[in-house]
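Undergrad: got a structure for you, letters missing:
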């Protein structure tokens, strides 16, 4: 192959690479509005005891991760159990939940919480969709109402505060 | 059309079904547990601290099936086993069950005796004192799966009765 041919070939290759790489910059970006981080602490205290233990979503193997004292920690220096849930843990759980299915989440939020079961977290927690952990927040329960109120952009602190201990053993017996 | 069943065909079908039923994740978990410790045969005293249901979960290789099982130690800052401690469980249907730890701290609830409805809560009792587990268990029957050392951002460390400030003395198990 002559020098001229090699030069031409290199020029064509460079042009191809430049055009190919340039296409990434042209991709449209969509910004969606999702429920606010403000006040999410109240939702987090529901998610942690119901969903965030090490054997469920407090485990790094889960697609949807819940961070906190009962399970996975956001800070690599913290361990499960100690210290109590940190702001960093709550931030990480917020990022996880809004990243899970952002288009649907945004639609529910835009429509002020109408048909919240469209959002996968609500559907799974209510047991409407297959969920290995079963029904954790039945429709209409305090935890469910807390989560749905956050999705609607009208956080119901009272409902959130009513369920901060998570599931508890039945009354009675010798326990 | 007539079909002929040949020995090779049967072998192929058996091989396919065997391969399809194999769970590579569980197989890896079992193989990573390693061999039995020297001088400790398979039985109630073997493999303390390991995730029991990896083998005793009902799909083998162990014959006995456990619903819940683990190992308890005396203190947070050491791995001396705690024997004769009682682990009490209560499930979400209100069924209760108790088991006592043996000389190496191992305890187990056989699936023949206790089939819990998740979630399950547990507490550890010893000489009139009790420690309740902070969270419920939702699906994992092997205590050692989460209670593994060293404690980390996704592990809670071994199961113990006394913390750094607690006092506990126990005679050696016979």
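TA: Cool, got the structure. Computed from a predicted structure; not experimentally measured.

Undergrad: okay, now residue 141: neighbour count?
TA: In the absence of a named chain, chain A is used. Neighbour count for residue A:141, taken as other CB atoms under 10 Å in any protein chain shown: 19. To be clear about C-beta, it is placed using only N, CA and C from the backbone, and glycine gets the same treatment.

Undergrad: You answered for a different chain; I wanted chain B.
TA: Using other CB under 10 Å: residue B:141 sits among 25 other residues.

Undergrad: again, but for the one 4 residues further on
TA: By the criterion of other CB under 10 Å, residue B:145 has 19 neighbours.

Undergrad: A strand includes it, no?
TA: No. Read with DSSP: H, G, I helix; E, B strand; the rest coil, residue B:145 is helix and lies in no strand.

Undergrad: residues touching it, list them.
TA: A:54-55, B:51, B:53 (CB atoms under 8 Å, 6 or more residues apart in numbering or on different chains).

Undergrad: need the residues you listed in JSON lines with secondary structure, neighbour count and pLDDT, can you?
TA: Listed next are those as JSON lines, based on DSSP: H, G, I helix; E, B strand; the rest coil; neighbours: other CB atoms under 10 Å in any protein chain shown; pLDDT from 0 to 100:
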{"residue": "A:54", "secondary structure": "coil", "neighbour count": "24", "pLDDT": "96"}
{"residue": "A:55", "secondary structure": "coil", "neighbour count": "21", "pLDDT": "95"}
{"residue": "B:51", "secondary structure": "coil", "neighbour count": "23", "pLDDT": "95"}
{"residue": "B:53", "secondary structure": "helix", "neighbour count": "26", "pLDDT": "95"}
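
Undergrad: Let's have those residues in a markdown table, adding distance to residue B:6.
TA: As requested, the contacts of residue B:145 are exported to a markdown table (distance: CB to CB, whole Å):
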| residue | distance to residue B:6 |
| --- | --- |
| A:54 | 51 |
| A:55 | 47 |
| B:51 | 43 |
| B:53 | 41 |
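
Undergrad: Could you list every helix and strand in contact with the one helix or strand residue A:108 maps to?
TA: Element membership for residue A:108 (DSSP states H and E) is helix A:102-110. Where contact means 3 or more CB pairs under 8 Å, 6 or more residues apart in numbering or on different chains; DSSP states H and E, helix A:102-110 is packed against helix A:142-151.

Undergrad: Going along the chain from the helix it packs on, find the next helix or strand for me.
TA: Per DSSP H and E, the helix or strand that comes after helix A:142-151 is helix A:157-161.

Undergrad: Centre of the chain to that following helix, how far?
TA: In terms of CA atoms, centre = their mean, to the nearest Å, the centre of helix A:157-161 is set 20 Å apart from its chain centre.

Undergrad: Repeat that for stretch B:66-79.
TA: 10 Å.

Undergrad: tell me the average confidence for it?
TA: If you average the pLDDT over stretch B:66-79, you get 95.

Undergrad: buried sites along that stretch?
TA: The neighbour-count check on stretch B:66-79 (16 or more other CB atoms under 10 Å in any protein chain shown) flags B:66-76 as buried.

Undergrad: Pick the one among the contacts of residue B:145 closest to residue B:44.
TA: Distance to residue B:44 across the contacts of residue B:145 (CB to CB) is lowest for residue B:53, with 15.5 Å.

Undergrad: what about residue B:82, distance to chain A?
TA: To chain A, residue B:82 is 19 Å away according to CB to the nearest CB, to the nearest Å.

Undergrad: what's the neighbour count on that residue?
TA: Using other CB under 10 Å, residue B:82 is surrounded by 23 other residues.

Undergrad: from the buried residues of stretch B:66-79, which ones fall inside strands?
TA: B:66-75 (DSSP state E).

Undergrad: and the two most separated of those?
TA: Spatial extent of those (CB to CB) is set by the pair B:67 and B:75 at 27.2 Å.

Undergrad: Just want the most central residue of chain A.
TA: residue A:97 (1.4 Å; CA atoms, centre = their mean).

Undergrad: Could you pull up phi and psi at the closest residue to it other than its chain neighbours?
TA: Nearest residue to residue A:97 in three dimensions, chain neighbours excluded: residue A:121, at 6.3 Å (CB to CB, 6 or more residues apart in numbering or on different chains). Taking degrees, to the nearest 10, you get phi -70, psi -40 for the backbone angles of residue A:121.

Undergrad: Neighbours of residue A:121, how many?
TA: 22.

Undergrad: Please report the number of neighbouring residues for residue A:77.
TA: By other CB under 10 Å, neighbour count at residue A:77 equals 7.

Undergrad: Check residue A:5 too.
TA: Residues near residue A:5, counting by other CB under 10 Å, number 9.

Undergrad: Can you tell me the element it falls in?
TA: Secondary structure from DSSP H and E places residue A:5 in helix A:3-26.

Undergrad: quick one, the helix or strand following that helix and helix A:142-151 angle?
TA: Under the assignment DSSP H and E, the closest C-terminal helix or strand after helix A:3-26 is helix A:40-51. In terms of direction (axes from the mean of the first three to the mean of the last three CA atoms, to 10 degrees), helix A:40-51 departs from helix A:142-151 by 140 degrees.

Undergrad: so what's the residue nearest the centre of chain B up against?
TA: Per CA atoms, centre = their mean, the C-alpha nearest to the average position across chain B is that of residue B:52, at 2.8 Å. Contact analysis of residue B:52 by CB under 8 Å, 6+ apart lists B:66, B:69-70, B:106, B:108, B:141-144.

Undergrad: can you put those residues in CSV and add distance to chain A?
TA: Converted to CSV, the contacts of residue B:52 look like this (distance: CB to the nearest CB, whole Å):
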residue, distance to chain A
B:66, 15
B:69, 14
B:70, 13
B:106, 20
B:108, 17
B:141, 9
B:142, 9
B:143, 10
B:144, 12
